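S.K.: Any chance you could fold what I've pasted below:
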Amino acid sequence: MSEPPRGSPWRKTPLAAGLYFVATPIGSARDITLRALDVLASADVIAAEDTRTARKLLELHGVPLEGRRVIAYHDHSSPAARDGVLKLAAEGASVAYVSEAGSPLVADPGFALGRAAAEQGIATTTAPGPSAAIAALTLSGLPSDRFTFAGFPPSTGGARKRFVEEIAALQSTVILFESPKRINTLLTLLRDTAGETRPAALARELTKKFEEVRRGTLAELCDSVADDPPRGEIVLVLGRAERLEAAPEDIDAALSAALGRLRVKEAAAEVAAAYGRPKREMYQRALELARDDGDG
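M.R.: Here you go, the predicted model:
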């Protein structure tokens with residue numbers, strides 16, 4: 001067994017057969033953990049979302065391949081490619097899977113691989129580490145005792161609007177990924193749905209040279225993005241919906257006011273988000289109010 005060069009942080013150790021999910025840096029290469037380096041130095045095979053990124057990471061940390069295979073597994077990989085990775089582990093190989101950056105399975109193609117491994121009884125473990133979602137939550141200044149990771153929203157159309165309505169009503173801090181090209185429209189839609197005063201934070205280029213975190217209300221972030229469009233990788237953190245304790249007559253009044261300017265579905269969604277009530281319940285009550293007004 002080869003030994004690492006003197007001063008190297010990693011060590012090569014025997015690994016049991018199975019699948020090892022290894023978190024990799026989201027920016028600064030020094031954020032990798034010592035255990036992650038040990039796994040990458042010791043695994044029989046390395047599967048990577050981007051083989052070029054994986055090879056560069058190994059090179060930066062002085063981890064030699066020594067003839068070991070680095071195979072691609074990404075969003076466009078076929079079921080046959082997934083079966084090939086799993087077959088290696090099932091036949092006794094230790095396989096390390098790395099995403100392009102961050103924690104595998106978090107908005108990452110490793111999910112299908114991990115689920116299939118579990119279904120087949122293949123041993124799985126993880127070398128945890130960097131995550132853009134958690135890093136953004138840490139820096140957001142928003143409550144972290146209860147949070148929801150919502151990933152990337154739909155890019156256009158009704159699906160995007162429904163997605164925003166759903167997350168706006170959540171009584172937990174919400175973490176989103178979004179493209180710089182669409183962040184302006186997303187913030188505008190969130191402002192119009194969740195309210196101008198909802199707190200939020202926009203983090204970009206985390207752990208990189210141009211790291212930046214903008215904090216404020218949705219209205220303030222809309223203005224900030226319009227004046228100075230952000231570039232790079234963006235994580236948006238949305239403050240939780242506050243549950244408003246209200247009497248039934250107050251909710252009816254809010255629904256009636258909303259029905260005066262919106263369709264039934266949109267009115268119900270707005271009031272549901274404002275009061276932390278189920279959308280289905282608000283929709284049914286809005287229908288009743290609209291029917292009563294029509295009968296009158």
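
S.K.: what about the helices in the chain?
M.R.: For the chain, applying DSSP state H gives helices covering 34-42, 51-60, 79-90, 110-119, 132-140, 157-168, 183-194, 218-227, 248-259, 264-275, 279-295.

S.K.: need those helices in TSV with distance to residue 69, mean neighbour count and mean pLDDT, can you?
M.R.: C-betas here are computed from N, CA, C, even on glycine. Putting the helices of the chain into TSV (distance: least, CB to CB, whole Å; neighbours: other CB atoms under 10 Å; pLDDT from 0 to 100) gives the following:
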stretch	distance to residue 69	mean neighbour count	mean pLDDT
helix 34-42	13	21	97
helix 51-60	10	16	95
helix 79-90	9	16	94
helix 110-119	16	16	91
helix 132-140	28	20	97
helix 157-168	39	17	92
helix 183-194	39	20	95
helix 218-227	44	17	97
helix 248-259	59	16	90
helix 264-275	50	22	86
helix 279-295	50	15	86
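
S.K.: May I see those helices organised as CSV, with distance to residue 18 added?
M.R.: Compiled in CSV, these are given as follows (distance: least, CB to CB, whole Å):
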stretch, distance to residue 18
helix 34-42, 11
helix 51-60, 19
helix 79-90, 6
helix 110-119, 8
helix 132-140, 25
helix 157-168, 35
helix 183-194, 39
helix 218-227, 44
helix 248-259, 53
helix 264-275, 44
helix 279-295, 43
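
S.K.: now for the ones you listed, which one comes closest to residue 233?
M.R.: Distance to residue 233, taken as CB to CB, is lowest for helix 132-140 among the helices of the chain, at 7.0 Å.

S.K.: which residues touch that closest one?
M.R.: For helix 132-140, the external contacting residues (CB atoms under 8 Å, 6 or more residues apart in numbering) are 26, 101-102, 106, 144, 147, 149, 173, 175, 177, 201, 203, 206-207, 213, 215, 233, 235-237.

S.K.: can we see that at 6 Å?
M.R.: Applying CB atoms under 6 Å, 6 or more residues apart in numbering, the set of residues contacting helix 132-140 from outside is 26, 102, 144, 149, 175, 201, 203, 206, 213, 235, 237.

S.K.: which stretch among the helices of the chain comes nearest residue 21?
M.R.: Closest to residue 21 of these is helix 110-119 (CB to CB; 6.3 Å).

S.K.: Run through who's touching that closest one.
M.R.: Surrounding helix 110-119, the residues in contact under the criterion CB under 6 Å, 6+ apart are 19, 82, 86, 97, 104-105, 124.

S.K.: residues contacting residue 173?
M.R.: 142-143, 147, 240.

S.K.: hmm, try it at 8 Å
M.R.: Residues in contact with residue 173 (CB under 8 Å, 6+ apart) are 137, 140, 142-144, 146-148, 237-240.

S.K.: Okay, and which of these map to strands?
M.R.: Restricting the contacts of residue 173 to those inside strands, with DSSP state E as the criterion, leaves 147-148, 237-238.

S.K.: hang on, residue 180 packs against residue 232?
M.R.: Yes: shown here, residue 180 and residue 232 form a contact pair, counting by CB atoms under 8 Å, at 6.8 Å.

S.K.: So which one of the contacts of helix 110-119 is the model least confident about?
M.R.: Across the set of the contacts of helix 110-119, residue 105 stands lowest in pLDDT, at 85.

S.K.: How many residues are close by that residue?
M.R.: Neighbourhood size, residue 105 [other CB atoms under 10 Å]: 18.

S.K.: Tell me the buried residues within the contacts of residue 173.
M.R.: Buried positions within those, assessed by neighbour count (16 or more other CB atoms under 10 Å), are 137, 140, 142, 147-148, 237-240.

S.K.: quick check, nearest of those to residue 188?
M.R.: Of all these, residue 238 has the smallest distance to residue 188: 13.5 Å, by CB to CB.
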